[in-house]
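Participant: Structure, please.
(4 chains)
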There are 4 protein chains.
Amino acid sequence: MTDADHGVRHAHTMEIEIATLGGYEEVGRQMTAVRAGEDIVIFDMGLNLSKVLIHDNVETESMHSLDLIDMGAIPDDRVMSELEGDVQAIVPTHGHLDHIAGIPKLAHRYDAPIVSAPYTIELVRQQIEDEGKFQVDNDLVKMKPGATMAIGDSEQVEMEFVNVTHSIIDAINPVLHTPEGAVVYGLDKRLDHDPVIGDPIDMERFREIGRQDEGVLAYIEDCTNAGRKGRTPSESYAKKHVEDTLKSMEDYTGGIVATTFSSHIARVKTLVEYAREIGRQPVLLGRSMEKYSGTAERLDFVDFQGDVGMYGHRKSVDRAFKRIMKEGKGNFLPIVTGHQGEPRAMLTRMGRGETPYEIDDGDKVVFSASVIPEPTNEGQRYQSEQLLRMQGARLYDDIHVSGHLREEGHYEMLQALQPQHLIPGHQTLEGRSPYVNLATSQGYKLGRDVHVTQNGSTIQLVE
Amino acid sequence: MTDADHGVRHAHTMEIEIATLGGYEEVGRQMTAVRAGEDIVIFDMGLNLSKVLIHDNVETESMHSLDLIDMGAIPDDRVMSELEGDVQAIVPTHGHLDHIAGIPKLAHRYDAPIVSAPYTIELVRQQIEDEGKFQVDNDLVKMKPGATMAIGDSEQVEMEFVNVTHSIIDAINPVLHTPEGAVVYGLDKRLDHDPVIGDPIDMERFREIGRQDEGVLAYIEDCTNAGRKGRTPSESYAKKHVEDTLKSMEDYTGGIVATTFSSHIARVKTLVEYAREIGRQPVLLGRSMEKYSGTAERLDFVDFQGDVGMYGHRKSVDRAFKRIMKEGKGNFLPIVTGHQGEPRAMLTRMGRGETPYEIDDGDKVVFSASVIPEPTNEGQRYQSEQLLRMQGARLYDDIHVSGHLREEGHYEMLQALQPQHLIPGHQTLEGRSPYVNLATSQGYKLGRDVHVTQNGSTIQLVE
Amino acid sequence: MTDADHGVRHAHTMEIEIATLGGYEEVGRQMTAVRAGEDIVIFDMGLNLSKVLIHDNVETESMHSLDLIDMGAIPDDRVMSELEGDVQAIVPTHGHLDHIAGIPKLAHRYDAPIVSAPYTIELVRQQIEDEGKFQVDNDLVKMKPGATMAIGDSEQVEMEFVNVTHSIIDAINPVLHTPEGAVVYGLDKRLDHDPVIGDPIDMERFREIGRQDEGVLAYIEDCTNAGRKGRTPSESYAKKHVEDTLKSMEDYTGGIVATTFSSHIARVKTLVEYAREIGRQPVLLGRSMEKYSGTAERLDFVDFQGDVGMYGHRKSVDRAFKRIMKEGKGNFLPIVTGHQGEPRAMLTRMGRGETPYEIDDGDKVVFSASVIPEPTNEGQRYQSEQLLRMQGARLYDDIHVSGHLREEGHYEMLQALQPQHLIPGHQTLEGRSPYVNLATSQGYKLGRDVHVTQNGSTIQLVE
Amino acid sequence: MTDADHGVRHAHTMEIEIATLGGYEEVGRQMTAVRAGEDIVIFDMGLNLSKVLIHDNVETESMHSLDLIDMGAIPDDRVMSELEGDVQAIVPTHGHLDHIAGIPKLAHRYDAPIVSAPYTIELVRQQIEDEGKFQVDNDLVKMKPGATMAIGDSEQVEMEFVNVTHSIIDAINPVLHTPEGAVVYGLDKRLDHDPVIGDPIDMERFREIGRQDEGVLAYIEDCTNAGRKGRTPSESYAKKHVEDTLKSMEDYTGGIVATTFSSHIARVKTLVEYAREIGRQPVLLGRSMEKYSGTAERLDFVDFQGDVGMYGHRKSVDRAFKRIMKEGKGNFLPIVTGHQGEPRAMLTRMGRGETPYEIDDGDKVVFSASVIPEPTNEGQRYQSEQLLRMQGARLYDDIHVSGHLREEGHYEMLQALQPQHLIPGHQTLEGRSPYVNLATSQGYKLGRDVHVTQNGSTIQLVE
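Facilitator: Okay, the predicted model is just below:
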């Protein structure tokens, strides 16, 4: 399909092939492999949690890969056997489960290190430790944003990590530099010039890569929010919203509770900061709250400064709640799990009266998160809100900005990279459609240089 | 892209190529060409009216093709010069404007007859007569559903018209029988086993074609409603709705007005029939009402029996309204244009008090149509409804069923035809996505045998 | 507030007071009391099931009234003590749970018979039998639509049952004839002139009541669908839809399953009828399916004719499913519970593979019901659909018409009854708003003769 | 209706009556009168523009009041004759048309001054000057937020202006202090503690009024956004959004255009400020842009500092555009009218290519406004966006926060004021419903102390 196109170009020195393994029919279980000559790099190995949760009583830890593949929960990597080359690295871009949680089930099949930014590697290590079925012995290699590493022995392929900004710290976009041009793996990011934690997105580097002689051969893009107009605001805009919200409660002497994505360290930091500004001691509660924030603090990504309690185990959580009730709810701001109304999460249990924390009339609950738009979620979140309201809680929702690019962010990336080929991902076909529309409005053509594929397909870019 | 696939098959005797010219990025300006060896057939040459109406004061009759192409109003047929063969026929499938209204602007470029079912041909003739810019001299050939004709001189290609059911009478699906299998052009239809006028859809013939030795090489499908669950009900279900609605008004002695798509002869017939059942004389008012129903009656597709007035010109309409007002609104049921709230249509003018028909408190307006879901339409329809309500009208909306297949109709067509290749059309990429999802759930694969293209692309199915 | 109004009228012979006890802040737990002089009639005593289900592990059978009142599940009838008079009858209008399921918890507080149409009384009897906490000894009195009974000893108050049409058989609208005019209790109905089972709505009688000398003092109205434009179609329209849908599957030889409201006997009858028309034996499965249809058949409301299996208990259901699997799914049409995706209902269990009935690729599931628009429901229904789709099922949804009036039905009722006062009910305030808008557009005025109240309020219409 | 309630209280010294004249069935044409003893104050006299625009070719300037009343465009003030007292002041709360544009048509009927904050008075003066039909001679009296004035000669009634924050500068909430308690007229506001221009909302004063001995007798509230959860963010949050958006365009050298509500001076100021920060000269274009910003600058509400061109007349606008095109679009940021897609506004004309400003591929259009959710608006805005996109414009929409309270703002006001009676306004009944739900959840009761009325009603609070 690209023959005519390539026929007029110079003789190629290296075959480039891309396998779209997961996340091309859904948001979840991301996985893409790029072969440059003899060398293959796998980007992301994710899990689609909703495919697990629809079944009753499923414990992924003890399940076999094939069963999880059949359920659509992890990528079906069987097409990898068709790629003629050796996997040199498995590269998760950041620590969200839809990018790393397939690793415990799939990585052991490949004789290759797992390479990512430090925070991500630490989360991968914890995933592997929790795995109950497989022994995963792949090396874990930390590489910082901005750094590069040689891929394979050809001395022709190099991998670079470009610093990007997302709803989790230490996110990168890996770039595979090949003689045929760069392959940029663009999952997941927003263009944030003021990201609260860490450096702004390195647009200058993207522009440089776009201007290189060989240019960008292919750009694999995160289409999560491609159908939304305008651009995604900065995390500092969410920070302003948290500030505005919490400060408006400054005079309130009763209970205030906040919930957000536990992996969203910048947001947790903001909540911690403004909790103190309004005279309350922040306390992180829930297993994943403790895990992500604790890890971030140990790795020096964040310094919460002073006394921030973090409690993960049921008993210590209960003890913390009891102390809060005793010392006065007005002195604390619990930051808890449960922003999507997950039935067993902390906030839902608080709504059901199953914790020692008592919600009184007028107490405030701040959802620093949006509702993931899927009927199951919406139903659960609604139930959780009803339970909280039945106890008199006042609700503040949607104090949030997304971590994913919208239409104008995509436009800016196209301007910066000027890619030859586009491979939209991280969405259903319907979800990728607005991205294709943008691309074709900029002169790309479906089937020629915009590649709309399914899970399990391969694209031969250079033959 | 399909090489591997076809490599294992017998040596081919005939090249098959498909050009997707219009309606692959929108609903509107449908046009597709199929080349079988040296012979080409063009299916549909439509107009996208909304691309015209967004401009102020545009009169298409006197415009040049190139300007209309630039506006996105008619198909850009320049890629036709790349197809190596001769156009043997231009085949509109039915008489809607998005299928025939490009003919006056484009058909003269091809030395080929226009072939369609009789009612469609008659509407094409009227289109050509109204054209002010081009001289269109192509032969007009009537061919009935079920009939066949040879295409070109190869004696290997034959075109058949299969009877289908749509929201206009005399709709067909043309099938091109080639040595490589049949190419079925599936725009536009629903599976109606009781269509009020004409024969049911000929599913038996589709199944036969699917069972033929060479089978169906390619199926080009109408995705308008592919994203809606279930199946589209029969026109007889809409008839039941009209019956239920009008009979509930039997005791009302004031004004009742109905509006529907003027080209929807079956619906007009139903309205005429139940108007009489509740003791009212039906009167058709508005230029397009007169045109479509008058043509249908002259061609014996419908016999309204007895006295049905049809008035198109402003003066005769006003005279009819005056007579109605004089003889008593309770004796009549005007069936008028304006179901989408078009600013200059009859019903909107009635709402503005610009006709002699006075709407009184309690008078009833029956919209036997759905609102086409597009913000401009919705705004206009809303305004029209507000104007009618300001005069006291009672509104009955959505007394309608669509003429387009939904998900389960598509599933049934796949079961019947078992096509090798699928080419979804008649929608944006987003609108075609649910169809692709259906196809892939049935084992098809994007890029292999499901072809998602843009306007102006070609697909080489057999090389 | 109505003083000025009534001040100009003749001296009153009887005080009329209305207590709006339940269903004035929700759809659910309907209850209204009307006092005419010394005599009180209670209309409906319902349950709001969603207020129960939001709690884990709640069994209403063994719960005390006060706890259920606190939960908002049954009406708070404490304001009844303020009405000076004796309750002479408790009158549920039809057998839906939001109208009768409060009876086992509340009726024993009143020394009055429960009076309703025969089918309703039978369902009330079963409710009372299932009650585990209270002894309910009220007399159960059957009175047919069209019949009347004296209320109290004044010889001035009479209750009449007007036949209406709803989504359950034997629904009535009770009318209390008083010297001050009629009080018409209008819950729940649609205007159906062809209702599949039973007589059409008795609009002639409503018009007569409206024309009586003393006229209609007050009309209490069901606002469930007041915000929807147009009119609710007849049950015969749903029947046509079922016919169209099932007949389109006539050639299918695999499994077809249907689900609908188990209390909707007319719909069950239609499904039974068209199951046979396409050569399949209908089987009713699920406890409530057996209960409602069995009761209807015993009371001669429906004659399913021939062999319709009804199985309620788990074991007999499993046995029936095994027989179906053995004799061939193509010979049967199971009609099951689970149309809202209720987690423990039959269809959901079938989706989870928990029954012996195996759903194969291409099998068809017909939802002859709409989704009740509430996030919890929507989430559960979505999950159920996902489970069915995972097994290859084809889904046909929304083969249904509502049992509640829309805007134009309300308009017709106002025209027929010409009531002095309107009391919109059976909805939240937001849900009643469109009804109030209709009323004010017809000259009524909020606070003067349109009474928008809350649960627990009283309205003194005649002092 | 409130008799029982008030019967137990002390003997009253003053009758308090409230007439709800406009804005109680719509958003638009606000007008409310409060009578305290012999003295009446009218709050707001607005226009409902949409009722005018639905008609073709209507010019309000030359129309008679009665015609505008019949159209529903201005309040029907006939019920004023039933209030026994003298109008002492007409008090618009701020300068939006739905609060002041009825003044030229109605104020001359009352022998009373128009009293408001300085900016509002200036806008009223301009309205009166443009009036073509009536001679309006009422005195115009400026009174600053925080100030008070005596009402009438009783020495018992005083009016105070409490400073509030809205989407226009100099907004106030008038409070009528009476012996029966304060009547607080709460239209329109949000609780903004950092409003970009002017002082924060004076919550401290509201709390003081709530704590006064006689307390708050009645609170008339703006329900525009009562149905939205959470609280409305501060204008400084919108400022942050503008900053984030414009700074992201800092490197762009082509055209950038912004549009916002012309009366929203704080937003215009923000746009001006960040235009300069990214090295562009701001230019205000369009008649209403010039009017509102020019007036604000003359009155020293804003100092745009340096050279901000403002051009209102067609010729000077064209000249400005020509200069921009000549000196380079990259040096300017035009701030124009047209945020709702109004057919004749500047931005729409730019989209149609009717101005000298040429929009090129990649040029950016910033909508610092939300779309007013009404089908006519949505249709027009959609058309405008389509026209802009056809020229290659990139769109950034919804850079905005509303000026109206949401649910939690209402909750806070109830906490602060602790009013005896609530009168929700500035919405349809449906729109007021969420407010009533909030109120009843806080112990208020419909018909007792929450008064849901229509236009033209009176409420006797103290008799």
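Participant: Run through chain A and note the low-pLDDT ranges.
Facilitator: Residues of chain A meeting the criterion pLDDT under 70: A:1-12.
Participant: Now do the contacts for residue A:77.
Facilitator: A:21, A:31, A:106, A:109 (Cβ atoms under 8 Å, 6 or more residues apart in numbering or on different chains). Placement of C-beta: from N, CA and C, glycine included.
Participant: try residue A:96
Facilitator: Residues near residue A:96 by Cβ under 8 Å, 6+ apart: A:46, A:168, A:188, A:263.
Participant: at 10 Å what do you get?
Facilitator: Applying Cβ atoms under 10 Å, 6 or more residues apart in numbering or on different chains to residue A:96 gives the contacts A:30, A:44, A:46-47, A:120, A:123, A:166-168, A:171, A:187-188, A:261, A:263-264, A:403.
Participant: and the gap between it and residue A:124?
Facilitator: Residue A:96 sits 12 Å away from residue A:124, going by Cβ to Cβ, to the nearest Å.
Participant: List the contacts of residue A:435.
Facilitator: Residue A:435 is in contact with A:221-227, A:405, A:407, A:410, A:414, A:422, A:424-427, A:450, A:452, B:429, counting by Cβ under 10 Å, 6+ apart.
Participant: Could I get the contacting residues of the closest residue to it other than its chain neighbours?
Facilitator: Nearest residue to residue A:435 in three dimensions, chain neighbours excluded: residue A:226, at 3.9 Å (Cβ to Cβ, 6 or more residues apart in numbering or on different chains). Listed by Cβ under 10 Å, 6+ apart, the contact set of residue A:226 reads A:404-407, A:409-410, A:424, A:426-427, A:431-439.
Participant: and the stretch 201-350 of chain A, which residues reach chain C?
Facilitator: Residues of the stretch 201-350 of chain A that fall close to chain C, judged by Cβ under 10 Å from any Cβ of the partner chain: A:341, A:343.
Participant: from memory residue A:334 sits against residue A:272, does it?
Facilitator: No - checked against Cβ atoms under 10 Å, the pair residue A:334 and residue A:272 is beyond contact range at 11.5 Å.
Participant: more crowded one of the two?
Facilitator: Taking neighbours as other Cβ atoms under 10 Å in any protein chain shown, residue A:334 and residue A:272 compare with residue A:334 leading, 30 against 24.
Participant: which SS class is that one?
Facilitator: At residue A:334, secondary structure determined by DSSP: H, G, I helix; E, B strand; the rest coil is strand.
Participant: likewise residue A:439?
Facilitator: From three-state DSSP, the assignment for residue A:439 is helix.
Participant: Residue A:218 falls within a helix, correct?
Facilitator: No - secondary structure assignment places residue A:218 outside any helix; it is strand (three-state DSSP).
Participant: hey, C-alpha coordinates of the longest helix seen in chain A in CSV?
Facilitator: When chain A is parsed with DSSP state H, its longest helix is helix A:375-390. Extracted C-alpha coordinates of helix A:375-390, given in CSV (Å, rounded to 0.1, in the frame of the first residue of the first chain):
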residue,chain,number,x,y,z
PRO,A,375,-21.8,3.0,32.1
THR,A,376,-20.4,0.6,34.8
ASN,A,377,-18.3,3.4,36.3
GLU,A,378,-21.0,5.9,36.1
GLY,A,379,-23.4,3.6,37.9
GLN,A,380,-20.9,2.9,40.7
ARG,A,381,-19.9,6.6,41.1
TYR,A,382,-23.6,7.5,41.2
GLN,A,383,-24.2,5.0,44.0
SER,A,384,-21.2,6.2,45.9
GLU,A,385,-22.4,9.8,45.6
GLN,A,386,-25.9,8.8,46.8
LEU,A,387,-24.5,7.1,49.8
LEU,A,388,-22.4,10.2,50.7
ARG,A,389,-25.3,12.5,50.1
MET,A,390,-27.5,10.4,52.4
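Participant: Give me the contacts around the next helix or strand after it.
Facilitator: Using DSSP states H and E, the helix or strand that follows helix A:375-390 in sequence is strand A:394-396. With contacts defined as Cβ under 10 Å, 6+ apart, strand A:394-396 is touched by A:241-242, A:245-246, A:248-249, A:252, A:254, A:256, A:258, A:361-368, A:384-385, A:388-389, D:229-231, D:406-408, D:411-412.
Participant: Go back to those residues and keep what's next to chain B.
Facilitator: Contacts with chain B within these, counted by Cβ under 10 Å from any Cβ: none were found.
Participant: In helices, which of these fall?
Facilitator: Counting by DSSP H, those contribute A:241, A:242, A:245, A:246, A:384, A:385, A:388, A:389, D:407, D:408, D:411, D:412 to helices.
Participant: residues from the stretch 351-463 of chain A in reach of chain B?
Facilitator: Residues of the stretch 351-463 of chain A found near chain B (Cβ under 10 Å from any Cβ) are A:428-437, A:440, A:444-448, A:450-460.
Participant: can you check chain A too?
Facilitator: Neighbours of chain B within chain A, by Cβ under 10 Å from any Cβ: A:1-3, A:24-25, A:227, A:428-437, A:440, A:444-448, A:450-460.
Participant: Mark which of the residues you listed are buried, thanks.
Facilitator: Among those, those classed as buried by 16 or more other Cβ atoms under 10 Å in any protein chain shown are A:2, A:24-25, A:227, A:428-437, A:440, A:444, A:446-447, A:450-459.
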